[in-house]
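S.K.: build me a structure from this.
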Amino acid sequence: MATRYSKYIITRCVNPEQRREWSPAYKPQDRTKLLSLDEEVVTGAKLYANAVWFWPAMMKTAISERSTKPHVHTYDEVLGLIGTNPENPADLCGETEVILGGEKHLINKSALIYIPAGLEHGPFRETRIDRPIIHFECRSSGKHY
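M.R.: Numbering: from 1, shown residues only. Predicted coordinates:
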């Protein structure tokens with residue numbers, strides 16, 4: 001039943017084919033878009049959020065083709081990498097290389113990564129995926145740019 005605030009509960013990815021991809025190299029078997037929220041989904045939203053499943057098949061795509069380039073935003077951002085091992089939720093079920101301000105970090109546990117506005121970040125590279133990984137991003141911006 002639709003209520004006054006039910007528009008704020010997002011349970012599906014609206015128009016996933018229209019969402020900007022950060023790498024054209026992704027194939028349908030590499031990832032599945034789960035949920036997204038921006039100012040187009042909820043009029044007036046002042047943030048952007050996206051949740052995607054990364055599948056082990058992603059590892060078949062060359063790492064250079066699926067890596068983000070170093071970049072900077074004018075807004076804060078949070079990235080989440082969450083493993084899907086019900087026996088050990090802290091297990092990322094893989095490994096991701098994350099570069100923050102030129103520092104390389106290897107992530108192999110479920111993690112939230114805070115990226116303040118102005119901090120150069122990237123590339124991000126999945127170096128191993130043993131089972132699906134949920135990737136989440138949220139930005140204090142109404143659009144993905």
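S.K.: which residues of the chain fall in strands?
M.R.: Here the chain has its strands, by DSSP state E, at 31-37, 48-54, 77-83, 91-100, 103-109, 111-115, 121-129, 133-139.
S.K.: so what secondary structure elements neighbour the shortest one?
M.R.: In this structure, strand 111-115 packs against strand 77-83, strand 91-100, with contacts taken as 3 or more Cβ pairs under 8 Å, 6 or more residues apart in numbering; DSSP states H and E. Placement of C-beta: from N, CA and C, glycine included.
S.K.: turn the strands of the chain into a markdown table, columns for distance to R4 and mean neighbour count.
M.R.: Formatted as a markdown table, these follow (distance: least, Cβ to Cβ, whole Å; neighbours: other Cβ atoms under 10 Å):
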| stretch | distance to R4 | mean neighbour count |
| --- | --- | --- |
| strand 31-37 | 18 | 18 |
| strand 48-54 | 21 | 20 |
| strand 77-83 | 28 | 19 |
| strand 91-100 | 39 | 19 |
| strand 103-109 | 40 | 12 |
| strand 111-115 | 31 | 15 |
| strand 121-129 | 38 | 18 |
| strand 133-139 | 24 | 19 |
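S.K.: and the ones you listed as a markdown table, adding distance to A2 and mean pLDDT?
M.R.: Shown next, in a markdown table, are the strands of the chain (distance: least, Cβ to Cβ, whole Å; pLDDT from 0 to 100):
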| stretch | distance to A2 | mean pLDDT |
| --- | --- | --- |
| strand 31-37 | 18 | 81 |
| strand 48-54 | 22 | 87 |
| strand 77-83 | 29 | 92 |
| strand 91-100 | 37 | 94 |
| strand 103-109 | 40 | 94 |
| strand 111-115 | 32 | 93 |
| strand 121-129 | 38 | 92 |
| strand 133-139 | 25 | 92 |
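S.K.: about what we covered before: right, and the helices and strands packed on strand 111-115 - which one's nearest P70?
M.R.: When the helices and strands packed on strand 111-115 are compared by Cβ to Cβ, strand 91-100 sits nearest P70, at 6.9 Å.
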